[in-house]
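> Build me a model:
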Amino acid sequence: MAKRSASAANDGSWWAQEKPEDVFTSLLGNISSKEFFAKHWEKEPLIIRKDKAQREGDLTKLFSRECLERILKKERIDFGLHINSCKYANGKREDKNPEENPEAGEPVRATVKKVKALFDGERATLQFHQPQQFQDSVWRLCAALESHFGCLVGSNVYMTPGESQGLAPHHDDVEVFIIQLEGRKHWQLFAPQDKLARSCSDDLSADSIGKPTHDITLEAGDVMYFPRGTIHQADTPAGVAHSTHITISTFQNWTYGDLLQAAIPLALEEALNDKSALDFKQGLPLNLLSAAGTAQVSKVDQRCASAVDEVKKTLGKLVQQLAGYMTPAPAVDAFNADFLRSRLPPPPASSVSDDQIADAPAAKRKKNKGQKEDVDLVDLTSDNSFGDPVGPKPTSTSKVCLLHRNHIRVIVGEGLEDEEEAEGLGGLGMMDGMDDDDSEEDDADMPDDDEDDDDDDEDFKKAAKALLTGNGGGGDSEDDDDDSMNGSGAEEDGCFVHFDFTNIRRLHMTNIMAVKPPLSSVRLPMSAVPAMGKLLAKLTPIALSDLGLEGDDALDLATSLWASGLLSAH
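Model (predicted):
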């Protein structure tokens with residue numbers, strides 16, 4: 001188990017200061033990461049009982065009922081979007097969300113009074129979606145786990161009154177970590193009917209799932225893991241005022257099959273463009289459509305059978321040949337682009353006191369002098385200062401170090417362009433993040449945005465603004481009128497440093513898939529590739545003279561990275 005430094009605050013800020021792998025192993029108790037992945041990951045559940053000292057640590061301070069009430073008072077939280085209420089009894093799940101008022105044309109706001117009536121009065125379970133959008137400690141944890149797993153990590157908080165159950169038995173399409181925060185929760189796990197499921201199940205009946213493989217009660221501070229596809233149900237036992245737990249989920253549509261969905265079209269394009277790959281260019285058999293279609297294959301007809309056999313044999317041969325054109329790099333780059341657009345930005349390292357758990361929202365509302373708040377004047381800037389220069393400007397005698405290297409990707413080639421690389425990735429289950437890029441580029445090292453990029457950016461900002469303003473999003477971020485660090489790739493080869501610093505956490509895991517935000521990036525000359533390798537490998541400051549660049553190239557590189565908030569000088 002990873003141990004935090006003695007000076008780390010006991011409020012979740014530790015997760016912003018430690019290595020992502022140490023944050024992950026802190027969930028595992030006395031189980032090593034190696035043992036976990038060998039014995040349990042994608043295989044079987046694991047229950048991790050924490051000792052008294054561990055129970056009183058960071059995990060139980062992630063979220064609470066009081067925290068939810070503070071967020072309800074401060075934020076515009078809507079039923080159906082941010083929070084749901086439901087109850088499962090007598091074999092049936094009943095949704096308890098208040099009905100929308102069709103005349104108002106907007107969702108029903110969740111107030112403390114309405115939520116208390118559902119929770120205390122009707123004994124309904126509360127499901128609070130993606131608390132990392134509002135809660136710093138959950139932001140820190142999810143951001144660290146995204147860096148560790150290298151893919152999106154989401155979360156939901158569940159609060160259930162005593163002697164009550166919220167959800168019917170079901171299975172999910174994600175790897176699940178349960179952290180018990182308040183009270184106790186009784187769980188039953190059942191053998192999967194669809195191992196490593198790619199979609200969530202409907203509500204399942206008790207007589208269709210067999211006997212439980214695990215029947216346990218989690219105490220505050222305990223952690224439980226189970227693979228996607230594991231059928232489960234949970235209730236709060238008698239004698240417990242209420243239970244609160246958080247579900248950390250990851251690896252949604254993050255499989256070899258998903259990678260192949262991206263890799264095969266790219267490999268096929270390579271094969272079709274290869275002048276020597278004649279097998280791929282041979283014409284189809286005569287009358288194929290009438291001889292081997294769906295309507296024909298069931299006929300007892302030798303002509304149909306021969307056509308089907310010939311096509312199957314040829315396709316099998318072509319698939320084998322296609323493997324020679326397949327390389328994971330382009331598909332992985334496409335996954336990288338989607339991940340960088342969608343993931344959480346790096347959280348601030350400063351600690352948060354217990355009475356400030358409900359932190360400020362991400363987007364800021366502007367107000368003209370003498371004017372009431374206007375939903376059309378939302379400032380879609382990032383909710384932190386990342387992306388701005390940090391510290392003094394580099395000089396020729398400086399030592400330099402990359403900042404937030406886990407949130408940076410270096411691509412050599414054409415970069416991660418916005419036009420094509422995400423096609424075929426619709427099944428990834430990734431929810432788009434955002435960066436804001438509405439200024440002209442003044443930096444010679446940066447690629448120019450073309451008109452299509454500008455249109456895509458504006459479309460995305462409109463969609464994001466509708467989401468934020470429609471739900472009363474507000475915030476305390478500073479205006480960022482100079483976005484010159486942002487770019488969206490370029491057609492010419494080069495070294496591209498892509499980063500997610502300007503993503504808006506308030507949009508993390510929100511479903512605005514129809515519009516793709518451009519990537520934030522810095523374009524560097526190819527000669528900078530070895531130096532970037534040294535910067536990525538070096539965890540401590542390195543002298544510019546040690547980067548192996550000639551003349552002023554090292555200072556130019558450091559200045560470009562510093563201007564985008566990617567590097568600090570010492």
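> Ile178 should be in a strand, yeah?
Yes - assigned with DSSP: H, G, I helix; E, B strand; the rest coil, Ile178 falls within a strand.
> And the closest residue in space to it that isn't next to it in sequence, how close does it get to Gly183?
Among residues not flanking Ile178 along the chain, Met224 sits closest, at 4.3 Å (Cβ to Cβ, 6 or more residues apart in numbering). C-beta coordinates here come from the backbone N, C-alpha and C atoms, glycine included. According to Cβ to Cβ, to the nearest Å, Met224 and Gly183 sit 15 Å apart.
> just Val112 next, same as before
Distance from Val112 to Gly183, by Cβ to Cβ: 20 Å.
> who has more neighbours, the two?
Each of Val112 and Gly183 has its neighbours counted (other Cβ atoms under 10 Å); Gly183 has more, 22 against 14.
> So, low pLDDT: which residues of the stretch 101-250 of the chain?
Along the stretch 101-250 of the chain, the parts satisfying pLDDT under 70 run over 102.
> show me where it has strands.
125-129, 153-161, 175-182, 184-190, 214-219, 223-226, 231-235, 242-250 (DSSP state E, counting those that start in this stretch).
> got the CA coordinates for the second one in PDB?
Think strand 153-161. Output in PDB follows, covering the C-alpha atoms of strand 153-161 (Å, rounded to 0.1, in the frame of the first residue of the first chain):
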ATOM      1  CA  VAL A 153     -12.800   7.600 -15.100                       C
ATOM      2  CA  GLY A 154     -16.300   8.600 -14.000                       C
ATOM      3  CA  SER A 155     -18.100   8.500 -10.700                       C
ATOM      4  CA  ASN A 156     -21.600   8.400  -9.100                       C
ATOM      5  CA  VAL A 157     -22.600   8.900  -5.500                       C
ATOM      6  CA  TYR A 158     -25.400   6.800  -4.000                       C
ATOM      7  CA  MET A 159     -27.300   7.600  -0.800                       C
ATOM      8  CA  THR A 160     -29.800   5.200   0.500                       C
ATOM      9  CA  PRO A 161     -31.900   5.500   3.700                       C
END
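> Direction included, what does it pair against?
strand 125-129 (antiparallel), strand 242-250 (antiparallel) (DSSP bridges).
> Which helix or strand contains Pro265?
helix 256-273 (DSSP states H and E).
> Same check on Ser85?
Assessed by DSSP H and E, Ser85 sits inside strand 83-89.
> Give me the contact list for that strand.
77, 79, 93-97, 110, 115, 118-119, 122-129, 164-168, 233 (Cβ atoms under 8 Å, 6 or more residues apart in numbering).
> just to revisit the earlier point, for the helix holding Pro265, the distance to its chain's centre please.
In this view, helix 256-273 has its centroid 24 Å away from the chain centroid, taken as Cα atoms, centre = their mean, to the nearest Å.
> just checking, what packs against the next helix or strand after it?
Next along the chain after helix 256-273, taking DSSP H and E as the criterion, comes helix 288-291. Here helix 288-291 touches helix 302-322, going by 3 or more Cβ pairs under 8 Å, 6 or more residues apart in numbering; DSSP states H and E.
> end to end, how far does stretch 116-125 reach?
11 Å (Cα to Cα, to the nearest Å).
> Let me fix that, I meant to ask about stretch 545-564.
21 Å.
> tell me which residues of that stretch are tucked away?
Under the neighbour-count criterion of 16 or more other Cβ atoms under 10 Å, stretch 545-564 has 547, 549, 553-564 buried.
> Stretch 326-346 too?
Under 16+ other Cβ under 10 Å, the buried positions of stretch 326-346 are 326, 330-331, 333-346.
> Report the mean per-residue pLDDT for the helix or strand containing Asp556.
Assigned by DSSP H and E, Asp556 belongs to helix 553-563. Taken as a whole, helix 553-563 has an average pLDDT of 95.
> ditto for stretch 37-49
97.
> Distance from the chain centre to that stretch, please.
With Cα atoms, centre = their mean, you get 22 Å for stretch 37-49.
> Over to stretch 152-166?
Per Cα atoms, centre = their mean, the centroid offset for stretch 152-166 relative to its chain is 20 Å.
> distance between the ends of it?
Terminal-residue distance, stretch 152-166 (Cα to Cα): 26 Å.
> thinking again about what came up before, could I get the average pLDDT for the helix holding Pro265?
Across helix 256-273, the per-residue pLDDT values average to 95.
> buried residues in it?
258-259, 261-264, 266-267, 270-271.
> Just put those residues in CSV and tack on distance to Leu315.
Shown next, in CSV, are these (distance: Cβ to Cβ, whole Å):
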residue, distance to Leu315
Asp258, 22
Leu259, 21
Gln261, 18
Ala262, 20
Ala263, 18
Ile264, 13
Leu266, 19
Ala267, 15
Glu270, 18
Ala271, 13
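> Relative to Met526, how far out is the residue nearest to Ser33 when sequence neighbours are not counted?
Nearest non-adjacent residue to Ser33, counting by Cβ to Cβ, 6+ apart: Thr25, 5.2 Å away. Thr25 is 38 Å from Met526, where distance means Cβ to Cβ.
> more neighbours, the two?
With neighbours defined as other Cβ under 10 Å, Thr25 and Met526 compare such that Thr25 has more, 20 against 11.
> That one sits in which helix or strand?
Here Thr25 is assigned to helix 20-27, by DSSP H and E.
> Show me what secondary structure element comes after that helix.
helix 33-39.
> Give me the distance from that following helix to the chain's centre.
Worked out by Cα atoms, centre = their mean, helix 33-39 lies 23 Å from the chain centre.
> Show me what it is packed against.
helix 20-27.
> From Phe226, how far out is the nearest residue to Gly210 once chain neighbours are set aside?
Leaving out its chain neighbours, the residue that sits closest to Gly210 by Cβ to Cβ, 6+ apart is Phe190, at 5.9 Å. Per Cβ to Cβ, Phe190 is found 10 Å from Phe226.
> So those two - more neighbours on which side?
Legend: neighbour count by other Cβ under 10 Å for Phe190 and Phe226, higher for Phe226 (24 against 20).
> Okay, and the beta partners of that one?
Beta-bridge partners, per DSSP bridges, of Phe226: Val176.
> which residues does it contact?
Contacts of Phe226 (Cβ under 8 Å, 6+ apart): 44-46, 176, 178, 189, 232.
> I'd like those residues written out as a markdown table, with neighbour count added.
Formatted as a markdown table, the contacts of Phe226 follow (neighbours: other Cβ atoms under 10 Å):
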| residue | neighbour count |
| --- | --- |
| Glu44 | 14 |
| Pro45 | 18 |
| Leu46 | 20 |
| Val176 | 19 |
| Ile178 | 24 |
| Leu189 | 21 |
| His232 | 22 |
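> Between all of those, which two are separated the most?
Glu44 and Ile178 (14.8 Å; Cβ to Cβ).
> in the helix or strand following the strand holding Ser85, what counts as buried?
Per DSSP H and E, the first helix or strand lying C-terminal to strand 83-89 is strand 92-95. Judged by neighbour count using 16+ other Cβ under 10 Å, the buried positions of strand 92-95 are Arg93.
> now do stretch 235-242
Applying 16+ other Cβ under 10 Å to stretch 235-242 flags 235-236, 240, 242 as buried.
> again, but for stretch 208-223
Under the neighbour-count rule (16+ other Cβ under 10 Å), stretch 208-223 has 209, 212, 214, 216-218, 220-223 buried.
> Likewise for stretch 168-182?
Those would be 168-169, 171-182, for stretch 168-182 by 16+ other Cβ under 10 Å.
> Just the pLDDT at the residue lying closest to Lys317 once chain neighbours are set aside, thanks.
Using Cβ to Cβ, 6+ apart and skipping residues adjacent in sequence, the residue nearest Lys317 is Asp279, 7.0 Å away. For Asp279, the model assigns a pLDDT of 95.
> Give me the distance between Asp279 and Val174.
Taking Cβ to Cβ, one finds Asp279 at 40 Å from Val174.
> ditto for Val410
Val410 is 29 Å from Val174, by Cβ to Cβ.
> and what of Arg140?
20 Å.
> mind checking the end-to-end distance for stretch 126-133?
Stretch 126-133 end-to-end distance (Cα to Cα) = 17 Å.
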